[in-house]
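1. I need the structure of the sequence given here:
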Amino acid sequence: MQGTAKAFIVGLVASVTFALGAAPAMAAPPVEDFAPAAVQPSTVSQSLDTTGAAIAGEEIDSVLPVEQVSSSIPAGFDVEKSIALAESEVGTSRATGWSAPGECIMSAQRWIRAGGGAWGGGGNPVSNYEGATRMTLATAQPGDIIQYENIASPTSWVTGVHTLMITKINGDGTFTIIESNNPGGSGLVSKDEHWTPKPPEGFQVAVWRF
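-> Below you'll find the predicted structure:
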């Protein structure tokens, strides 16, 4: 009788112990909280040291936006002299055709070269600007050249390609420009004091500074 009672008690204790030990395995899994407060930042971080301490003997004065860096690039020619020649030709016309003086790009080359600009010219609407710096429209300055460039084929002389020169930046967001051969075939040099880019469909504005 005593053996039977003892076996019962041992079995009861074992079953209770097993139940308590197994309970955590049967509990619902914890809920992950991805709210900002629950996500801790990584202990690995990156930083930019502009004090010069990171690189011996070097200092970085400032890190400027691209537009500011671009606009600080000076023209490599006498801009006023180039504009003066372009102004003197307004209202006149010249012959047009391949490499003829009345063509828009040939006129722009003539004006830039008059100020000592190193515009070698030749090739296509991209290689023509070898040696020049490509700018943004926001950083354009007098003396810069606007080129309408075909997006799908920028190196092709397709209908819609056009070249002109900026002579003034207006306070209302427009430009004063001088161009030749507009309308096409006229060879006429004309001036627009309130010009904004209107490239044909499929074209983009490229700004170049010599």
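
2. and the closest residue to Tyr129 other than its chain neighbours, which of the three is it?
-> Excluding its sequence neighbours, the residue lying closest to Tyr129 (Cβ to Cβ, 6 or more residues apart in numbering) is Trp208, at 4.7 Å. Every residue, glycine included, has its C-beta placed from N, CA and C. Following DSSP: H, G, I helix; E, B strand; the rest coil, the label given to Trp208 is strand.

3. for this structure, which spans come out with low pLDDT?
-> For the chain, the stretches flagged by pLDDT under 70 are 1-71.

4. distance check, the nearest residue to Glu179 once chain neighbours are set aside against Pro197.
-> Using Cβ to Cβ, 6+ apart and skipping the chain neighbours, the partner closest in space to Glu179 is Leu164 (3.7 Å). Noted for Leu164: a distance of 10 Å to Pro197, by Cβ to Cβ, to the nearest Å.

5. looking at these two, which one has more neighbours?
-> Set side by side, Leu164 and Pro197 show more neighbours around Leu164, with 26 against 16, by other Cβ atoms under 10 Å.

6. list the beta-bridge partners for that one.
-> Following DSSP bridges, Leu164 is listed with bridge partners Ile146, Glu179.

7. returning to what we had before: report the set of residues contacting both of Leu164 and Pro197.
-> Taking Cβ atoms under 8 Å, 6 or more residues apart in numbering as the contact rule, the neighbours common to Leu164 and Pro197 are Ile146.

8. what segments of the protein are strands?
-> In the chain, the segments counted as strands under DSSP state E are 133-135, 145-150, 162-169, 175-180, 189-195, 203-209.

9. Phe77 is nearest to which of those strands?
-> Between Phe77 and the strands of the chain, the tightest spacing by Cβ to Cβ is seen for strand 203-209, at 9.7 Å.

10. ok, Val161 to Ile169 distance?
-> 24 Å.

11. more neighbours, those two?
-> With neighbours defined as other Cβ under 10 Å, Val161 and Ile169 compare such that Val161 has more, 19 against 13.

12. quick one, what contacts that one?
-> Contacts for Val161 were tallied using Cβ under 8 Å, 6+ apart; they are 125, 147-150, 203.

13. 7 Å instead, please
-> By Cβ atoms under 7 Å, 6 or more residues apart in numbering, the contact set of Val161 is 125, 148, 150.

14. against Ala75, how distant is it?
-> From Val161 over to Ala75 (counting by Cβ to Cβ), the distance is 23 Å.

15. returning to what we had before: now render the contacts of Val161 as CSV, adding neighbour count and distance to Leu188.
-> CSV is the format used below for the contacts of Val161 (neighbours: other Cβ atoms under 10 Å; distance: Cβ to Cβ, whole Å):
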residue, neighbour count, distance to Leu188
Pro125, 21, 21
Tyr148, 19, 18
Asn150, 19, 24
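
16. okay then, goodbye and thanks.
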